[in-house]
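Undergrad: next come a sequence and a model predicted from it.
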Amino acid sequence: MPDQKKSLSTSNSRSKQYKFLIAALLFFIPIVILYGILESTVRSLPTHFSLIQHYIEENGKDIEIAIFGSSQVQHAVNPEYLSTKSINLSSSGQHHNTDFTLLKGLIDRFPNLKGVVFEASYGHFEIPHNSKYYWKNSVFLHYYNVNTFQRKTYPQDKLLFISHPGKFSEALANHFLRDSLPDVYNKYGFDTNQYEGKYRKLKYDSLRVENASVRINNRPETQVLNYNAPYFEEMVAYCRERDLTVFIISPPTYRTYVAARNPDILKRRDSILSKIKNSYDNVYFLNAEQDHDFKLRYFRNENHLNPDGAEVFSKKLDSLFLQTEM
């Protein structure tokens, strides 16, 4: 005969497990729904990346110049002013390893690619590459379908909101809640309304700007350099093996930034570029760090141009393109 006490105990245990499961579902389902709504809303926002995705889909077969770099290049090159059909794939915090991975992941979508632009701004070689935990890995996977994770990907890797809840929460708040100046992107994903910054807050007063602190990385990192320099040369070699013309640029910086640079870091950077110049043909350079055509009113801060400055720099870059035989 079955033990009634044991059967009752088993029944109670199952009942408790069932109640716990129901409670867990009631707790987690709203969270999952909330995250689903946030993810869907984030994906609907018009962003730099979504517009570039659309531009690639519509014009990838005609693109002849691909431009890579950090925020300095992102805000310095407006493809609207380039005669050659170009795309600017730069973004804030982006480094050479991400540039290279994006190039290799996108190159088949650009069958008419003739040239590539890489950044070699001051100190860039002595800043560590993007890590495998770089939050934009999900952004590049979602919008460009390029894996920059340095590992195989999983379905959750394409989720944008959880890749950086803070940044995307701020983007949602700016778009829906705050009375802030909107981003105004052209079809190339370039923000034509990006004027806000340190110098505008200082009312472009030259005396106040001269006395303002300068944000600059002057910490020597020779071990980082020893890895980054040959890696960059590998990028150049990859392009030349495919008969792609290489343009190496350093966007303008304001004179307070120029004066604050570490001469040893600068010397090491210039030595790397000199070696590349002597080792490869069809590699061109545009260093506008001390270009006097860029007045105070062209800058957002000490090392980022505003859209007016980007127009001037883009036209200078375009002149370099037109001088070459691509």
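TA: Structure received. Numbers count the residues shown, from 1 in each chain.

Undergrad: confidence-wise, which helix or strand of this structure is lowest on average?
TA: Ranked by mean pLDDT, DSSP states H and E, the weakest helix or strand in the chain is helix 4-44, scoring a mean of 64.

Undergrad: what's the domain layout of this structure?
TA: If you go by automatic domain parsing, the domain ranges for the chain are 8-44, 46-323.

Undergrad: buried residues, the helix or strand hosting Asp308. List them.
TA: Assessed by DSSP states H and E, Asp308 sits inside helix 307-323. With burial defined by 16 or more other C-beta atoms under 10 Å, the residues of helix 307-323 counted as buried are 307, 309-314, 316-318, 321. Just so you know, the C-beta spots here come from the backbone N, C-alpha and C atoms, and that holds for glycine as well.

Undergrad: again with stretch 198-211
TA: 198-199, 202, 209.

Undergrad: coming back round to it: nearest to Val117, out of the buried residues of helix 307-323: which one, please.
TA: Set against Val117, the nearest of these by C-beta to C-beta is Leu317 (7.6 Å).

Undergrad: and the helices in this structure?
TA: 4-44, 48-59, 71-74, 96-106, 136-144, 165-176, 198-201, 206-211, 222-241, 255-260, 263-279, 307-323 (DSSP state H).

Undergrad: residues contacting Gly123?
TA: 216-218, 261-262, 265, 269 (C-beta atoms under 8 Å, 6 or more residues apart in numbering).

Undergrad: quick check: the farthest pair among those residues?
TA: Ile216 and Arg269 (13.6 Å).

Undergrad: okay, those two: which has more neighbours?
TA: Comparing Ile216 with Arg269 by other C-beta atoms under 10 Å, the one with more neighbours is Arg269, at 22 against 19.

Undergrad: look at the more buried one and report its pLDDT.
TA: With respect to pLDDT, Arg269 scores 98.

Undergrad: just to revisit the earlier point, check the domains of the chain for me: which has the lowest mean pLDDT.
TA: For the domains of the chain, where the average pLDDT is lowest is domain 8-44, sitting at a mean of 65.

Undergrad: which residues does the residue nearest the centre of the chain contact?
TA: The residue lying closest to the centre of the chain (C-alpha atoms, centre = their mean) is Ser91, at 2.0 Å. Taking C-beta under 8 Å, 6+ apart, we find Ser91 in contact with 48-49, 70-71, 74, 136.

Undergrad: what subset of those is buried?
TA: So, by 16+ other C-beta under 10 Å, the buried ones in the contacts of Ser91 are 48-49, 70, 74, 136.

Undergrad: spatially, which two of these are the most separated?
TA: Between all members of those, the farthest pair (by C-beta to C-beta) comes out as Phe49 and Ser70, at 15.1 Å.

Undergrad: thinking again about what came up before, would you list the helices of the chain in JSON lines and tack on distance to Gly123?
TA: Formatted as JSON lines, the helices of the chain follow (distance: least, C-beta to C-beta, whole Å):
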{"stretch": "helix 4-44", "distance to Gly123": "32"}
{"stretch": "helix 48-59", "distance to Gly123": "24"}
{"stretch": "helix 71-74", "distance to Gly123": "11"}
{"stretch": "helix 96-106", "distance to Gly123": "13"}
{"stretch": "helix 136-144", "distance to Gly123": "20"}
{"stretch": "helix 165-176", "distance to Gly123": "24"}
{"stretch": "helix 198-201", "distance to Gly123": "19"}
{"stretch": "helix 206-211", "distance to Gly123": "21"}
{"stretch": "helix 222-241", "distance to Gly123": "10"}
{"stretch": "helix 255-260", "distance to Gly123": "11"}
{"stretch": "helix 263-279", "distance to Gly123": "5"}
{"stretch": "helix 307-323", "distance to Gly123": "19"}
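
Undergrad: just name the most buried of these.
TA: When these are scored by mean count of other C-beta atoms under 10 Å, the highest mean neighbour count falls to helix 71-74 (a mean of 22).

Undergrad: got a list of contacts for it?
TA: Taking C-beta under 8 Å, 6+ apart as the rule, helix 71-74 contacts 48, 67, 88, 90-94, 117, 119, 121, 249, 251, 303-304.

Undergrad: gap between Arg240 and Pro111?
TA: 18 Å (C-beta to C-beta, to the nearest Å).

Undergrad: gap between the nearest residue to Glu311 once chain neighbours are set aside and Tyr188?
TA: Spatially, and ignoring its direct neighbours in sequence, Glu311 is nearest to Tyr81 (5.7 Å; C-beta to C-beta, 6 or more residues apart in numbering). Here Tyr81 is placed at a distance of 10 Å from Tyr188 (C-beta to C-beta).

Undergrad: try Leu172
TA: Taken as C-beta to C-beta, the span from Leu172 to Tyr188 is 24 Å.

Undergrad: what of Cys239?
TA: 22 Å.

Undergrad: ok, the closest residue to Gln94 other than its chain neighbours - contacts?
TA: With C-beta to C-beta, 6+ apart as the criterion, Gln94 has its nearest non-adjacent residue at 5.2 Å, and that residue is Ser70. Neighbouring residues of Ser70 by C-beta under 8 Å, 6+ apart: 90-95, 119, 121, 124.
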